[in-house]
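Q: coordinates only, sequence not included:
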DNA sequence: AATGAATGAGGTTTCATTCAT
DNA sequence: CATGAATGAAACCTCATTCAT
């Protein structure tokens, strides 16, 4: 359907102003989903909140499905970038692991909206017309892979005992997400600081070599 | 919309056949949400799958919101009942804790549909007209409380070290939910058996008294 | 997409009342197209003219495209049935041919709306999603075939000279349609009675055997 | 909308380059209508096909309605000019009549796009705001008049029998249009060469004086 | 002259809900 | 109890048109 004139399969270089609009719309949409819920986040409502007309969204996004995909991409990419920067500050794998966990929670605390929206978007299946992409299915793969590599070098350096890489990576991410979920569903039901400290202890305790004496 | 004035009496005792219909509708709705997603689970679609007419649903439920609430109640109650029965078989707190974790995963494996639906429903906020119930917010409180009591007796009996009750309870539930989430989003991305074993180890390891020699 | 439960590929036997509604909607739609033009014949306008709500049309027809197809079918079937009945009264092929032409014009005169709508619908291409049916392409085939059979028996019986069947059939239909078109575009630009008589003469004269003395 | 007060002077003589742009837009629009149908021929699509921006069309045409009018004028004028040139080569009315018919078909064959677009535009009524012009209604008047004059001189010169002028003119045009219609709706359903020859025979046969012996 | 971002009206469609049968 | 035709609000989307650059 889309005629691609340029060889590079890039449909068009987006203008600076266009990119700004797209970001604005995505951010407003996230805020709207977080505030009123996805079911109430109609294009009209998003446009109203952004102070623009409905048509602008349709102009910049190829339908609501495309907007949602960009929202999801944003919700996954932003914390990932933040976490990666934090992890890169550390040299030793165990410190990186701890940084990974703590950075996740740090980002959470300053971006609760993002996670409220994310939980509302979890499990959403794209419309049939979209061709059944596996976006959601692949959402966690990068995290698992990234964690697995940290664990791997930790094992090589003897800081981490010989855990199964992928499973342990899944587990670490799972603990983070599970805490986040409870915090998102009810901000007051959970002492986030205590949970962070406890999760970090549990994880580092779990991967620490048996003969290690120094508890964190 | 919901009359909460009379505690139980006035609203007519539900017929047996009526209860059966309600259960049938709820189960079909769960299957529909799991299969096609909540956004495609219109009353018409649910009725079609159940082999009944749309009107029946409206007759038995006071609007779609009421149906969704019953679905959520069902999705939370059924695993809770199953888990409680498993826990009750055990006498000692540590064994109960282990039973809690394992029963959760056992129920998951045989009821994947329920969890696919649950993840799709997570974070959903009820329509404004419904009066802003805190259903989701309270969803995890029973689990946390139940776990906290197990931990508490474990501490009293010396099987479990002196962990913060609520935070640790949150943590245990979090690990379970986080693994479940990844498994729901992509059945093949996770070795569920390995994850179960690893989660159980991590949790029991985390709560075990420091001088305890017996690793699980 | 459509699940066909019953073996006979019939999706459901339409109720009498449902058929009545469908006919009402189709007739109203034709009148609307004839009066205001297809571009103004929105579902809202059709519903307004029919005194029903927009939703009723969507309820009975699977989208506007399906309504248009039924309209086209109706616009082609009704005159065809009428003409066939007139032709069947005659025994001899030449008389049948004359009846064919005259019945076409007789139906036209009493159903100008139908033809105004038809001309507006001519050349319309279905939406891409519809799968590119060749409805329009096949619209004239039945007429050509029907005429060709009349010509064929006329040739066998010596009433009609040895004309090429399909081409002559196309020609006869073409003359009828061409006159109709001018009459539809401007009712007053054409003396329809004179045109009917002249067309009939031209056609019968064209197919009459060379030695035939009797002019019509 | 259209100011018809000043006959020609006031509205600024169109630049050469401006005229070229208008022609380009009209031709692209015709191609677009022929290819995708009028309903898909949005200004955006036409502009895309022409390699220009939407604004250019609005700049050169006073709205889409004005563009359509120019398209229709073009679709009627071009074949008329072509046919007139062919007819002018002949001296005798009967030969002119034959040239008229044959030139029409010759132009058709080399400009199928034009006729596909024309059939899609037939019967279209202008938007209410435009003031209800009778463009379509008058579309055939020039042809009828032109043909009538040929017939008239043929009658005067004894080459053509005393047929009713306007009605016969209508009839001739009708046969041409009717054949064209079937060919437009399905290119393969009709042997155009055979149809041309048969139409020419029918028409010349119809207008030939009774005592004329020489059939074409 | 030309661009393309923005508008806003209007179209089709979906869907929870109602109600006569 | 059940049906399914009907409603009407609201959603997404398209598109002609405008206008600052």
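A: Looks like it arrived, so ask away. Just so you know, these numbers come straight off a predicted model, no measurement behind them.

Q: Need the single longest helix in chain A, by residues.
A: Ordering each helix of chain A by length in residues (DSSP state H) puts helix A:64-88 first.

Q: just checking, what packs against it?
A: Counting contacts by 3 or more Cβ pairs under 8 Å, 6 or more residues apart in numbering or on different chains; DSSP states H and E, helix A:64-88 packs against helix A:16-36, helix A:93-110, helix A:112-121, helix A:135-138, helix A:141-156. C-beta here means a position set from N, CA and C on the backbone, and glycine is covered the same way.

Q: among those, which is the most enclosed?
A: helix A:112-121 (a mean of 21; mean count of other Cβ atoms under 10 Å in any protein chain shown).

Q: ok, now which ones touch residue A:178?
A: Under the criterion of Cβ atoms under 8 Å, 6 or more residues apart in numbering or on different chains, the neighbours of residue A:178 are B:171, B:173-178, B:181.

Q: What residues does chain A have near DNA strand F?
A: Within chain A, the residues that sit near DNA strand F (Cβ under 7 Å from any atom of the strand) are A:40, A:42-45, A:54-55, A:58-59, A:63-65.

Q: Just name the shakiest helix or strand of chain A by mean pLDDT.
A: When each helix and strand of chain A is scored by mean pLDDT, DSSP states H and E, helix A:135-138 comes last, with a mean of 78.

Q: Does anything pack onto that one? Which helices or strands?
A: Using 3+ Cβ pairs under 8 Å, 6+ apart: helix A:135-138 touches helix A:64-88.

Q: Show me the contact partners of the helix it packs on.
A: Contact with helix A:64-88 is made by A:22, A:25-27, A:29-30, A:33, A:43, A:57, A:61, A:96, A:99-100, A:102-104, A:106-108, A:111, A:114, A:117-118, A:121, A:124, A:126-127, A:129-130, A:133, A:135-136, A:139, A:142-143, A:146, A:150, as judged by Cβ under 8 Å, 6+ apart.

Q: Over to stretch A:168-175?
A: A:97, A:100-101, A:140, A:143-148, A:151, A:199, A:202-203, A:206-207, B:171, B:174-175, B:177-179, B:181-182, B:189-190, B:195, B:198-199, B:202.

Q: one more time with 7 Å
A: A:140, A:143-144, A:147-148, A:151, A:199, A:202-203, A:207, B:171, B:174-175, B:178-179, B:182, B:190, B:195, B:198-199, B:202 (Cβ atoms under 7 Å, 6 or more residues apart in numbering or on different chains).

Q: Buried members of the residues you listed into PyMOL, please.
A: To isolate the buried ones among these in PyMOL, judged by 16 or more other Cβ atoms under 10 Å in any protein chain shown, type:
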select buried, (chain A and resi 140+143+144+147+148+151+199+202+203+207) or (chain B and resi 171+174+175+178+179+182+190+195+198+199+202)
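
Q: Can you check the pLDDT for the residue most central in space within chain A?
A: Chain A has residue A:76 as the residue nearest its centroid, 2.8 Å off, counting by Cα atoms, centre = their mean. pLDDT, residue A:76: 95.

Q: likewise residue A:3?
A: Here the pLDDT value assigned to residue A:3 is 40.

Q: picking up where we left off before, and the helices and strands packed on helix A:64-88, which one averages the lowest pLDDT?
A: helix A:135-138 (a mean of 78).

Q: what are the phi and psi angles of residue A:190?
A: As for residue A:190, its main-chain torsions (degrees, to the nearest 10) stand at phi -140, psi 130.

Q: and it, how far is that from residue B:184?
A: Counting by Cβ to Cβ, to the nearest Å, the gap from residue A:190 to residue B:184 is 22 Å.

Q: what's the answer for residue A:165, then?
A: 22 Å.

Q: Looking at the two, which is more packed in?
A: The residue with more neighbours, out of residue A:165 and residue B:184, is residue B:184; 23 against 17, by other Cβ atoms under 10 Å in any protein chain shown.

Q: Hmm, that one is touching residue B:118, no?
A: No. The pair residue B:184 / residue B:118 is not scored as a contact, 8.0 Å apart, by Cβ atoms under 7 Å.

Q: Break chain A down into its structural domains.
A: A:15-61, A:72-126+A:133-207 (automatic domain parsing).

Q: Looking at the residues of chain A next to DNA strand F, state which has the most neighbours.
A: Highest neighbour count within the residues of chain A next to DNA strand F, by other Cβ under 10 Å: residue A:43, with 19 neighbours.

Q: Now for that residue: which residues touch it?
A: Listed by Cβ under 7 Å, 6+ apart, the contact set of residue A:43 reads A:54, A:57, A:64.

Q: Considering these, which is situated nearest to DNA strand E?
A: residue A:54 (5.4 Å; Cβ to the nearest atom of the strand).

Q: Per-residue pLDDT of that closest one, please?
A: pLDDT, residue A:54: 94.

Q: ok, and the closest non-adjacent residue to it?
A: Nearest residue to residue A:54 in three dimensions, chain neighbours excluded: residue A:47, at 4.7 Å (Cβ to Cβ, 6 or more residues apart in numbering or on different chains).

Q: does that neighbour really touch residue A:58, like I thought?
A: No. Using Cβ under 7 Å, residue A:47 is not in contact with residue A:58; the gap is 9.6 Å.

Q: Can you give the distance from stretch A:61-75 to the centre of its chain?
A: Distance, stretch centre to chain centre, for stretch A:61-75: 14 Å (Cα atoms, centre = their mean, to the nearest Å).

Q: Revised request: answer the last question for stretch A:57-65.
A: For stretch A:57-65, the distance to the chain centre is 22 Å (Cα atoms, centre = their mean).

Q: do the same with stretch A:174-189
A: On Cα atoms, centre = their mean, the centre of stretch A:174-189 falls 14 Å from the chain's centre.

Q: got it, and stretch A:114-123?
A: On Cα atoms, centre = their mean, the centre of stretch A:114-123 falls 10 Å from that of its chain.

Q: again with stretch A:135-145
A: Centroid separation for stretch A:135-145 versus its chain: 10 Å, with Cα atoms, centre = their mean.

Q: End to end on stretch A:57-66, go ahead and measure it.
A: By Cα to Cα, to the nearest Å, the extent of stretch A:57-66 from end to end equals 10 Å.

Q: swap in stretch A:108-116?
A: 10 Å.

Q: ok, and what's touching it?
A: By Cβ under 7 Å, 6+ apart, stretch A:108-116 touches A:30-31, A:34, A:75, A:78, A:180, A:184, A:192, B:123.

Q: what's the closest of the helices and strands packed on helix A:64-88 to residue C:92?
A: helix A:135-138 (71.6 Å; Cβ to Cβ).

Q: Report the contact partners of the closest residue to residue A:191 other than its chain neighbours.
A: Among residues not flanking residue A:191 along the chain, residue B:167 sits closest, at 6.0 Å (Cβ to Cβ, 6+ apart). Residue B:167 makes contact with A:191, A:194-195, A:198, according to Cβ under 7 Å, 6+ apart.

Q: cool, and residue A:29?
A: Counting by Cβ under 7 Å, 6+ apart, residue A:29 makes contact with A:41, A:46, A:67, A:71.

Q: Quick check: residue A:35 vs residue A:121, distance?
A: To residue A:121, residue A:35 is 14 Å away according to Cβ to Cβ.

Q: same question, residue A:196
A: As judged by Cβ to Cβ, residue A:196 and residue A:121 stand 24 Å apart.

Q: Likewise for residue A:36?
A: Distance of residue A:36 to residue A:121, computed by Cβ to Cβ: 14 Å.
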